[in-house]
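> curious how this folds, go ahead:
(4 chains)
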There are 2 protein chains.
Amino acid sequence: MLMYMDPHLLRTFVAVLDHRSFSAAASALGYTQSAVSQHIAALEADLGTRLVERRPVAPTPAGARLMEHAPALLLRLDVARADIARLHHTHPTRLTLACSPAALGPAIAQALACLRSTAHPLDLEVRMLGREAVIEDVLTGRADLGLVDGVAAPSDPLPLPDLGPTTTLAAAEETLAVLFPHNHPLALRRSVRLTDLTQAQWIDAPDTAIPLDRLRAVCRIDGFPPRIRHRGTDLHGLAALATAGHGLAALPLPLAATLGGAAIPVKEPRLVHRIELVHPANPTGPARQLADLITGAAVVQ
Amino acid sequence: MLMYMDPHLLRTFVAVLDHRSFSAAASALGYTQSAVSQHIAALEADLGTRLVERRPVAPTPAGARLMEHAPALLLRLDVARADIARLHHTHPTRLTLACSPAALGPAIAQALACLRSTAHPLDLEVRMLGREAVIEDVLTGRADLGLVDGVAAPSDPLPLPDLGPTTTLAAAEETLAVLFPHNHPLALRRSVRLTDLTQAQWIDAPDTAIPLDRLRAVCRIDGFPPRIRHRGTDLHGLAALATAGHGLAALPLPLAATLGGAAIPVKEPRLVHRIELVHPANPTGPARQLADLITGAAVVQ
DNA sequence: CACCGTGCATAAGCGATGCTGATGTACATG
DNA sequence: CATGTACATCAGCATCGCTTATGCACGGTG
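Just a heads-up that it's a prediction; the model follows:
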């Protein structure tokens, strides 16, 4: 008889490895240390393998493997619950928008202004997050609508992680640009080729600019060696680094043009910066209004 | 405090809706009808909504929504368990290969022959399945290796559902062809354009030929109206239908050429029939041998 | 080297959970 | 209106999963 692993045990397992301690996990979860010990023991008995090395607390190979599954599983569980909860109580005057930084450019800001002028008094919240976190927020109901940006071939969709049933719609396609410092030899060009820049010094800023591994994938070329890592959603700081010559960053042209530095369009390969609207199955209220507004006025090329 | 939905309840829920009956689900799961009733009641209490309409048994809107999540969740749970189980007991003389029908063409068959001649006596099993079922079998450990076929732009990967961490490798790219009956007006052409065939009569055979909705997506064109549906993994029967004039089917050229009828290469849009090897993180034994054999000799163009 | 502190494991106890079997109830059928 | 079917509910009981208390292994310290 096949037993299913109890999600509570999985959650405890994740907490233990996150905290690298049984007792810390226990207090974080509101359990006693004893309960956590029993949870881990139960999981290990169920799977027939030791999952956690003790003293120091660390994953065994099997535990590491389970760690590739458990967080995604728990997230999907939350997503399912949120999806159903959404059916019943929707707030008609609140709108929470989750945004990856480069998605909130002039085009989207204008659509938001348009919504605020037409609609009844609106309680608007914008959450700036990394790309995956935007999807998470939309799926778990922390946001009503998401805007994710990325780079792709013209009219190709972005590759988004599928954590559940969502609808994604093209919101805008903009020219892709590289942000140079003003004194850079290429800063006066009309356009650049990404393939000429594979060995340049890039800033790895996966939450704001286009991630370097995405550039590699979409150019089908190795290269783009990371020199500096910039975490977080602070576009201003990224631009400061880039214009000070610490490295290059790929951004949408309209937004990059407002950041200082020299924003040079990418000519080759043929790529566009794309913004996609992510929402759950059936948006209602202001979420639907904004979705219509954005896709209706979609600046697709 | 956030409770996680118990997978046992979800499994019961799925069984109830599959059987459209509480008592049938009960006996299928080895429970009493009373237990099933309590399971559904518990889920409904937990989510705060009625999920199942009784008499007749049918999903409510919320229940339908949950049905979009629950089977995938249960599958992922199995995948995680299988992934860990694989770490310990691997059979060094057995090899189970899951294959979508059009993936097992001359190229792969030859690699298999090569493996059987070099290796120790090998207990080989080939399972022919639909594309999604191949992935499922690999992830849940029912197969050691999977071969999935599909159509994509040259050197683009196939869009596979992500049910967990897998490795996919290009195994072969072959010319895409359309299978015509000999007396078809286009059967003597050197090549055809898919865009000229959007209104032709097609056979919808999603488990064998390229699915029609995939053709639509990859051509970015509506059309390809389905006239006949052909389910299952029987390529011979599909070919019989196609050559008898019941409709067209898209298949890889090398395989289509062996099926009778006129296999005409697709010239435009530029597409290839692609075969990908799907395996879990670290294949061992004959699985690894075959993987090396196939990707080493990969007929990429 | 004895001592003690830290941190996970184990034991005992007890309320809550989740089954089964029996019974209740609503609805359809003849 | 009687009967059968199918889901709901109830009572009882075994098991589960938590807590508190205690045990044990290891590491640092005077």
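
> how about the secondary structure of residue A:95?
Going by DSSP: H, G, I helix; E, B strand; the rest coil, the secondary structure assigned to residue A:95 is strand.

> give me the phi and psi angles of the closest residue to DNA strand D within the stretch 201-301 of chain A.
The stretch 201-301 of chain A approaches DNA strand D most closely through residue A:281 (26.1 Å), counting by C-beta to the nearest atom of the strand. (Glycine included, C-beta is placed from N, CA and C.) With angles defined as degrees, to the nearest 10, residue A:281 shows backbone torsions of phi -50, psi -60.

> touching, it and residue A:165? I think so.
Yes: with contact defined as C-beta atoms under 8 Å, residue A:281 counts as touching residue A:165 (6.4 Å).

> what touches both of the two?
residue A:83 (C-beta atoms under 8 Å, 6 or more residues apart in numbering or on different chains).

> run through who's touching stretch A:282-291.
A:90-95, A:97, A:111-112, A:115, A:118-119, A:122, A:144-145, A:169, A:277, A:279.

> er, stretch A:48-61 actually
If you take C-beta under 8 Å, 6+ apart as the criterion, stretch A:48-61 is touched by A:13, A:16-17, A:20-22, A:40, A:43-44, A:62-63, A:66-67, B:84-85, B:87-88.

> repeat that for stretch A:177-193.
Contacts for stretch A:177-193 (C-beta under 8 Å, 6+ apart): A:194, A:197, A:209, A:239, A:242-245, A:248-253, A:256-257, A:259, A:261-268, A:273.

> mind listing what's buried in that stretch?
Using 16 or more other C-beta atoms under 10 Å in any protein chain shown as the test for burial, stretch A:177-193 gives A:177, A:178, A:179, A:180, A:181, A:184, A:186, A:187, A:189, A:192.

> will you turn the residues you listed into a markdown table that also has pLDDT?
Below are those laid out as a markdown table (pLDDT from 0 to 100):
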| residue | pLDDT |
| --- | --- |
| A:177 | 91 |
| A:178 | 91 |
| A:179 | 89 |
| A:180 | 88 |
| A:181 | 86 |
| A:184 | 80 |
| A:186 | 78 |
| A:187 | 76 |
| A:189 | 82 |
| A:192 | 87 |
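
> show me how far stretch A:28-48 is from its chain's centre.
In terms of C-alpha atoms, centre = their mean, to the nearest Å, the centre of stretch A:28-48 is found 32 Å from the chain centre.

> what residues does chain A have near DNA strand D?
Contact residues (C-beta under 7 Å from any atom of the strand) of chain A with DNA strand D: A:6, A:8, A:30, A:31, A:32, A:33, A:34, A:35, A:38, A:39, A:42, A:55.

> that older thread, just the buried ones among the contacts of stretch A:48-61, please.
Buried members of the contacts of stretch A:48-61, counted by 16+ other C-beta under 10 Å: A:13, A:16-17, A:21-22, A:40, A:43-44, A:62-63, A:66-67, B:84-85, B:87.

> for ChimeraX, what selects the buried ones among the residues of chain A next to DNA strand D?
Listed next is the ChimeraX selection for buried residues among these, using 16+ other C-beta under 10 Å:
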select /A:6,8,31,35,39,42
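
> what's the closest of the residues of chain A next to DNA strand D to residue A:131?
Lowest distance from residue A:131 to the residues of chain A next to DNA strand D (C-beta to C-beta) belongs to residue A:8, with 29.6 Å.

> which residues touch the closest one?
Residue A:8 makes contact with A:39, B:4, according to C-beta under 8 Å, 6+ apart.

> one more: residue A:42?
A:6, A:9.

> and after whichever strand or helix holds it, which helix or strand comes next?
Assignment of secondary structure by DSSP states H and E places residue A:42 within helix A:33-47. Sequence order places strand A:52-53 as the next helix or strand after helix A:33-47, per DSSP H and E.

> tell me the phi and psi of residue A:233?
Per-residue torsions, residue A:233: phi -110, psi 30 (degrees, to the nearest 10).

> circling back: taking the contacts of stretch A:177-193 one by one, which sit in helices?
A:239, A:242, A:243, A:253, A:256 (DSSP state H).

> and the longest helix for chain A?
Selection of the longest helix in chain A by residue count, based on DSSP H, yields helix A:61-86.

> show me the shaky parts of the stretch 101-250 of chain A.
The model of the stretch 101-250 of chain A has pLDDT under 70 over residues A:119.

> near chain B, which residues of it?
Contacts of the stretch 101-250 of chain A with chain B, taken as C-beta under 8 Å from any C-beta of the partner chain, map to A:155, A:161, A:162, A:164, A:165, A:220.

> rerun that using 6 Å as the cut-off
Residues of the stretch 101-250 of chain A lying close to chain B by C-beta under 6 Å from any C-beta of the partner chain are A:162, A:165.

> can you list phi and psi of the closest residue to DNA strand D within the stretch 101-250 of chain A for me?
Residue of the stretch 101-250 of chain A nearest DNA strand D, by C-beta to the nearest atom of the strand: residue A:140 (22.7 Å). The phi and psi values for residue A:140, taken as degrees, to the nearest 10, are phi -90, psi 10.

> and what about residue A:278, helix, strand or coil?
strand.

> cool, residue A:149 as well?
With three-state DSSP as the basis, residue A:149 sits in strand.

> residue contacts, it?
For residue A:149, the contacting residues are A:100, A:102, A:103, A:275, by C-beta atoms under 6 Å, 6 or more residues apart in numbering or on different chains.

> now render the residues you listed as JSON lines, adding neighbour count.
As requested, the contacts of residue A:149 are exported to JSON lines (neighbours: other C-beta atoms under 10 Å in any protein chain shown):
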{"residue": "A:100", "neighbour count": "24"}
{"residue": "A:102", "neighbour count": "29"}
{"residue": "A:103", "neighbour count": "27"}
{"residue": "A:275", "neighbour count": "28"}
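
> picking up where we left off before, closest to chain B among the residues of chain A next to DNA strand D?
residue A:8 (6.1 Å; C-beta to the nearest C-beta).

> which SSE is the closest one in?
Applying DSSP H and E, one finds residue A:8 within helix A:7-19.

> is DNA strand C contacted by that helix?
No: Helix A:7-19 lies apart from DNA strand C when judged by C-beta under 7 Å from any atom of the strand; the minimum separation is 7.9 Å.

> distance of the residue of the stretch 51-200 of chain A found nearest DNA strand C from residue A:113?
Proximity of the stretch 51-200 of chain A to DNA strand C (C-beta to the nearest atom of the strand) peaks at residue A:54, 4.4 Å away. For residue A:54, the distance to residue A:113 equals 57 Å [C-beta to C-beta, to the nearest Å].

> equivalent analysis for residue A:28, please.
Counting by C-beta to C-beta, the gap from residue A:28 to residue A:113 is 42 Å.

> so residue A:108 is in which element?
Using DSSP H and E, residue A:108 falls in helix A:106-118.

> tell me what that helix is packed against?
helix A:285-296 (3 or more C-beta pairs under 6 Å, 6 or more residues apart in numbering or on different chains; DSSP states H and E).

> angle of the helix it packs on against helix A:106-118?
Orientation check (axes from the mean of the first three to the mean of the last three C-alpha atoms, to 10 degrees): helix A:285-296 against helix A:106-118 gives 140 degrees.

> pLDDT averaged over helix A:285-296, what's the number?
What helix A:285-296 shows for mean pLDDT is 80.

> same question, stretch A:71-84
On average, stretch A:71-84 scores 93.

> show residues contacting it.
A:7, A:11, A:14, A:139-141, A:163-164, B:4, B:47, B:62, B:65-66, B:69, B:73, B:76.
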